[in-house]
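> this one's sequence-less:
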């Protein structure tokens with residue numbers, strides 16, 4: 001890029017400015033513009049027809065060759081310039097014969113090769129960024145699975161131990177007035193598990209189970225209310 005000129009380039013296609021072209025050829029920028037636009041006589045008639053008018057008259061897509069733009073000069077003022085594609089540079093190289101044309105060709109070919117390498121490098125970096133994103137996605141997925149596994153393992157430590165289950169079982173039997181598990185015990189247990197949304201004691205964390213004594217007491221109280229009254233016959237013989 002020239003030291004004192006900054007051209008507002010379009011991203012596509014790859015191009016260099018006519019300001020750069022002038023520096024490569026060691027000519028005035030106005031000379032390049034005359035080659036592109038042509039020159040007029042004092043009466044306004046065409047003196048020399050430029051490259052751009054010829055391409056336009058023959059309906060060639062001008063953007064494939066030259067794209068009108070501006071640059072900021074050393075005084076900070078906007079000035080007219082053109083972005084030259086590789087095809088556009090080929091045109092200008094043919095217009096300048098001899099040593100200038102040869103030197104310019106060598107310089108612009110090198111310049112475009114450098115730009116292609118930059119684009120290639122950007123493509124590689126983009127591909128690497130996408131690959132990194134995919135890898136991070138997989139890592140996050142696997143990490144999520146691992147965390148769930150750890151949580152599942154840790155949750156096992158919060159399940160009721162054998163001592164806890166034995167204590168609950170003993171409490172129910174004592175309240176029912178029985179020595180070992182029977183049908184009433186199973187009914188109480190089933191009602192408690194249903195209320196807690198579980199199928200077995202192991203499905204309930206110990207904290208919830210310990211805070212569910214009111215549910216156990218309620219289930220026992222309901223069961224006792226549903227017990228049939230036991231009546232003793234007045235005519236029952238002793239020892240019968």
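The structure has been received and is ready for your questions. This is a predicted model, so every value here is computed, not measured.
> assign residue 48 to helix, strand or coil.
Classification of residue 48 by DSSP: H, G, I helix; E, B strand; the rest coil places it in strand.
> give the bridge partners for it, please.
residue 39 (DSSP bridges).
> now for it, how many residues are close by?
Residues near residue 48, counting by other CB atoms under 10 Å, number 11. Every residue, glycine included, has its C-beta placed from N, CA and C.
> hang on, residue 168 packs against residue 206?
No - the criterion here is CB atoms under 8 Å, and residue 168 misses it with residue 206 at 10.1 Å.
> more neighbours: which of the two?
residue 168 (20 against 15).
> three-state assignment of that one?
helix.
> same check on the one 4 residues further on?
Each residue gets one of three states, and residue 172 gets helix by three-state DSSP.
> grab the nearest non-local neighbour of it.
Sequence neighbours aside, residue 188 is the residue nearest to residue 172 in space, at 5.4 Å (criterion: CB to CB, 6 or more residues apart in numbering).
> what are the buried residues along the helix or strand where the one you found lies?
Element membership for residue 188 (DSSP states H and E) is helix 183-195. For helix 183-195, the neighbour count (16 or more other CB atoms under 10 Å) marks 184, 185, 187, 188, 189, 191, 192, 193 as buried.
> next: stretch 199-208.
201, 204, 205.
> the last one and residue 77, how far apart?
From residue 205 over to residue 77 the distance is 76 Å, taken as CB to CB, to the nearest Å.
> can you check the second one too?
Applying CB to CB, one obtains 81 Å for the distance of residue 204 from residue 77.
> now for the lengthiest helix in the chain, which elements pack on it?
Across the chain, the longest stretch assigned as helix under DSSP state H is helix 98-156. Applying 3 or more CB pairs under 8 Å, 6 or more residues apart in numbering; DSSP states H and E, one finds that helix 98-156 contacts strand 16-17, helix 18-25, helix 86-95.
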